[in-house]
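1. just a sequence and a predicted model for now, questions to come.
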Amino acid sequence: MSNDTQRWNELAAQIAVDSIRATTAAGSGHPTSSMSCAHLLAVLFADHLRFDVKDPAYRANDRFILSKGHAAPGLYAVLKASGAFEDEVLLSLRKQGSPLQGHPVPLPDLPWVDVASGSLGQGLAVGLGMALAMRIDGIDANVWVMLGDSEMAEGSVWEAMEATSFHGAGNVTAILDLNRLGQRGETMHGWNADVFRDRAESFGWSAIEIDGHDVDQIDLAYRNALADERPTLIVARTEKGHGVSFLANQENWHGKAVPAERLDEALGELDGDRGIRCTPPGPPELHTTPLRRASAPARPTYDGPIATRKAFGDALAWLAGTFDDVVVLDGEVGNSTHTEEAEAVAPERFFQLYIAEQCMVGVQTGLQALGKTAFAATFGAFLTRAADQIRMGAISRADLRLCGSHAGVSIGEDGPSQMAIEDLSFFRALNGSTVLYPADGVSTVALVEAMARLKGISYIRTTREATAPLYPADEAFPIGGSKILAATDHDDVTLIGAGITLHTCLAAHDILGADGITARVLDCYSVKPIDAATLRRAMDDTGTLVIVEDHRVEGGLGDAVLDALAATGPLHGRVVKVGVTQMAGSATPEQLRVWAGIDPASIAARGREAIAG
């Protein structure tokens, strides 16, 4: 046995020991899933993952993503062995206030984790995003992604496999921990490694089959992966619970800690806790390729009607041409969302992900983790396909800038499958999110510019139809603000809209005015955070609010207004929510707005009814 072989095996045993110790101390966790990948982690961290443990943000570091996030104890164990933290931190696993949560989450005191994982099937797309960020910056670093065999049933994995090959990301290596057992028994393909080898090769990857507990085979596979210009999938046959006889390849141990009364028995089979440490190879000196400075277009201005989706694309092109960190992703609808405007300006920072929205958001998460200001766009209805990736982005504290175009029934004849009418409720519910809904070109440009500086998840909802200009070019649109477009000191009702319904509210204002009813009109362009003070003042002044939205009445603008009012004092007067309540069909935008009751005449009628009581 060589010195390297012994060193790697001893480190793998220590990873298994610490995985057991930490989970037993916590009383829960996934020791057996950590033990199956212990040898894979040991060889990787000891000799192939080039990173500075004292400077995890260093740009030339290699990156590691534990896509099978339930194996977090194994990751924490190898980080401890690498000198990231001491044993008392390891034994705080899963306890309140500990940085070592049940699944990895990037926290200020856990800077070695770049993104949250644990919802399976997402890590490979994130890895592609990191690889693309390295390419943009001209950095010679590698991305390693640890996959579990259960998550290979997720379609998002195969979206990412295809996209990684298509984009030529040869610095991505995926390690498949093929341990046969899932949560409730055997996985779909068990130990049939050839299934995954053949699939990977058909996607344009290099594929290598190994014994995942033979450290010499692991080392050779890693070397071959680094030498290959293609992305590589290493299919490693492993045992769940490897190294402890009563755990190894046994069912019904998934997510279960070793009982305290059997702890010594388990650790004894692994030769106990020996405090073994490793020193990962340091990263190379940082050398970056200077970026080509794009020729920046002028900041967009408008004096005539324009679709907010087009203004979004114009704003992106301006930002991409002005700032080198702006990256744009498209889901094969760039001629509708107008992301193609940015592609024309900065093609090296534009990535086409095709009809693979889950992959698109995963790639966006990886890009932002390495410092890119990444925007992604598709039809608002199709972003629901990536709802879990967006939700995990919030857990990652990721800065995801998303645009959903073709909002509401106002898209018209394409019908309900294309209509985003549930999107506001989803994005409002995300922790720390910002939700924006501009009504004209000027406000769109201003809000896209603001999104580039926002932290967390931000979502802008855009409209298919051209809309008339409402604001001068120099108008400011602070996040959390609103605009009053019509008001007197004796208003009878307040009409509240956003996006397309702001225009129908303005037309309803004129209809009511002809009847001698004065209406205040409020633009809630910032749906979250919302301008609670202005809404409260409108209720106090007029006593009647009619909230109009091209969205389901559940969870959208109307509920945002009600939530804001409830948080600022007692409700009084009348609050009427007007929006989509039935299943739409194909018709013209005007016909559908009449059908939904969000056309000017219907809004005016609801205003009269509300005033009359």
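-> Nice, I can see it. Numbers count the residues shown, from 1 in each chain.
2. shaky segments in this structure?
-> For the chain, the stretches with pLDDT under 70 are 1, 289-295.
3. any idea which helix is longest in it?
-> helix 3-26 (DSSP state H).
4. list the buried residues for that one?
-> 7-9, 11-26 (16 or more other C-beta atoms under 10 Å). To be clear about C-beta, it is placed using only N, CA and C from the backbone, and glycine gets the same treatment.
5. equivalent analysis for stretch 45-61, please.
-> 45-51, 53, 56, 60-61.
6. that stretch: end-to-end distance?
-> 12 Å (C-alpha to C-alpha, to the nearest Å).
7. now do stretch 324-341
-> Stretch 324-341: ends 16 Å apart by C-alpha to C-alpha.
8. sort out which residues of it are buried, please.
-> So stretch 324-341, judged by 16+ other C-beta under 10 Å, has buried residues 324-334, 336-341.
9. then stretch 541-557?
-> Under the neighbour-count rule (16+ other C-beta under 10 Å), stretch 541-557 has 542-553, 555-557 buried.
10. can you map out the strands along the stretch 251-400 of the chain?
-> 306-307, 326-330, 350-352, 373-379, 400-405 (DSSP state E, counting those that start in this stretch).
11. name the strands paired with the third one and say parallel or antiparallel.
-> So that's strand 350-352. Its sheet considered, strand 350-352 pairs with strand 326-330 (parallel) by DSSP bridges.
12. what angle do strand 373-379 and the partner strand make with each other?
-> 20 degrees (axes from the mean of the first three to the mean of the last three C-alpha atoms, to 10 degrees).
13. and strand 326-330 with strand 400-405, angle?
-> 40 degrees.
14. show me the contacts for the closest residue to Glu609 other than its chain neighbours.
-> Excluding its sequence neighbours, the residue lying closest to Glu609 (C-beta to C-beta, 6 or more residues apart in numbering) is Val576, at 7.9 Å. Contact partners of Val576, counting by C-beta atoms under 8 Å, 6 or more residues apart in numbering, are 544-547, 606, 609-610.
15. among those, which one lies nearest to Ala133?
-> Ile547 (41.2 Å; C-beta to C-beta).
16. dump the residue contacts of that closest one.
-> Counted by C-beta under 8 Å, 6+ apart, Ile547 has contacts 496-497, 557-558, 561, 575-579.
17. let's verify it: helix, strand, or coil?
-> Three-state call for Ile547 (DSSP: H, G, I helix; E, B strand; the rest coil): strand.
18. quick check: Val53 is in a strand.
-> No - assessed with three-state DSSP, Val53 is coil; it does not lie in a strand.
19. what ranges do the strands span in the stretch 101-250 of the chain?
-> Going by DSSP E, counting those that start in this stretch, the stretch 101-250 of the chain shows strands at 143-148, 172-178, 206-211, 232-237.
20. and the first one, what does it pack onto?
-> Helices and strands in packing contact with strand 143-148 are listed as strand 63-66, helix 123-137, strand 172-178; criterion 3 or more C-beta pairs under 8 Å, 6 or more residues apart in numbering; DSSP states H and E.
21. what does the last one give?
-> Counting contacts by 3+ C-beta pairs under 8 Å, 6+ apart, strand 232-237 packs against strand 172-178, helix 193-202, strand 206-211, helix 215-227.
22. again with the longest one
-> The criterion is 3+ C-beta pairs under 8 Å, 6+ apart, and the helices and strands that strand 172-178 contacts are helix 123-137, strand 143-148, helix 193-202, helix 215-227, strand 232-237.
23. tabulate these (a markdown table), appending mean neighbour count and distance to Pro104.
-> Output for the helices and strands packed on strand 172-178, formatted as a markdown table (neighbours: other C-beta atoms under 10 Å; distance: least, C-beta to C-beta, whole Å):
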| stretch | mean neighbour count | distance to Pro104 |
| --- | --- | --- |
| helix 123-137 | 28 | 10 |
| strand 143-148 | 27 | 11 |
| helix 193-202 | 16 | 24 |
| helix 215-227 | 18 | 22 |
| strand 232-237 | 26 | 20 |
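24. who wins for proximity to Leu75 among the ones you listed?
-> Of the helices and strands packed on strand 172-178, nearest to Leu75 by C-beta to C-beta is strand 143-148, at 8.3 Å.
25. now find how far off-centre that closest one is within its chain.
-> Relative to its chain's centre, strand 143-148 lies at 18 Å (C-alpha atoms, centre = their mean, to the nearest Å).
26. what lines up beside it in the sheet?
-> strand 63-66 (parallel), strand 172-178 (parallel).
27. so what touches the last one?
-> The reference is to strand 172-178. Everything outside strand 172-178 that qualifies as a contact, by C-beta under 8 Å, 6+ apart, is 33, 36-37, 40, 44, 68, 71, 124, 127-128, 131, 142-149, 152, 164, 191, 193, 196, 212, 222, 225-226, 231-238.
28. what about the helices in the stretch 451-600 of the chain?
-> 500-514, 532-542, 557-568, 589-596, 600-612 (DSSP state H, counting those that start in this stretch).
29. got CSV for the strands of the stretch 101-250 of the chain, with distance to Gly408 too?
-> What follows is the strands of the stretch 101-250 of the chain, written out as CSV (distance: least, C-beta to C-beta, whole Å):
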stretch, distance to Gly408
strand 143-148, 38
strand 172-178, 39
strand 206-211, 46
strand 232-237, 42
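30. closest to Lys528 out of the ones you listed?
-> The nearest among those, by C-beta to C-beta, is strand 143-148 at 33.1 Å.
31. give me the angle between the closest one and helix 215-227.
-> 130 degrees.
32. C-alpha coordinates for strand 143-148, CSV please?
-> Once non-C-alpha atoms are left out, strand 143-148 reads as follows in CSV (Å, rounded to 0.1, in the frame of the first residue of the first chain):
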residue,chain,number,x,y,z
VAL,A,143,-16.1,22.7,-10.7
TRP,A,144,-16.8,19.4,-8.9
VAL,A,145,-20.4,18.3,-8.3
MET,A,146,-21.3,15.4,-6.0
LEU,A,147,-24.5,13.8,-7.2
GLY,A,148,-26.6,11.1,-5.5
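33. which residues are contacting that strand?
-> 33, 37, 40-41, 44, 48-49, 62-68, 70-71, 120, 123-124, 126-128, 130-131, 134, 157, 169, 171-177, 179.
34. now with 6 Å?
-> Here strand 143-148 makes contact (C-beta atoms under 6 Å, 6 or more residues apart in numbering) with 63-68, 123-124, 127, 130-131, 172-177.
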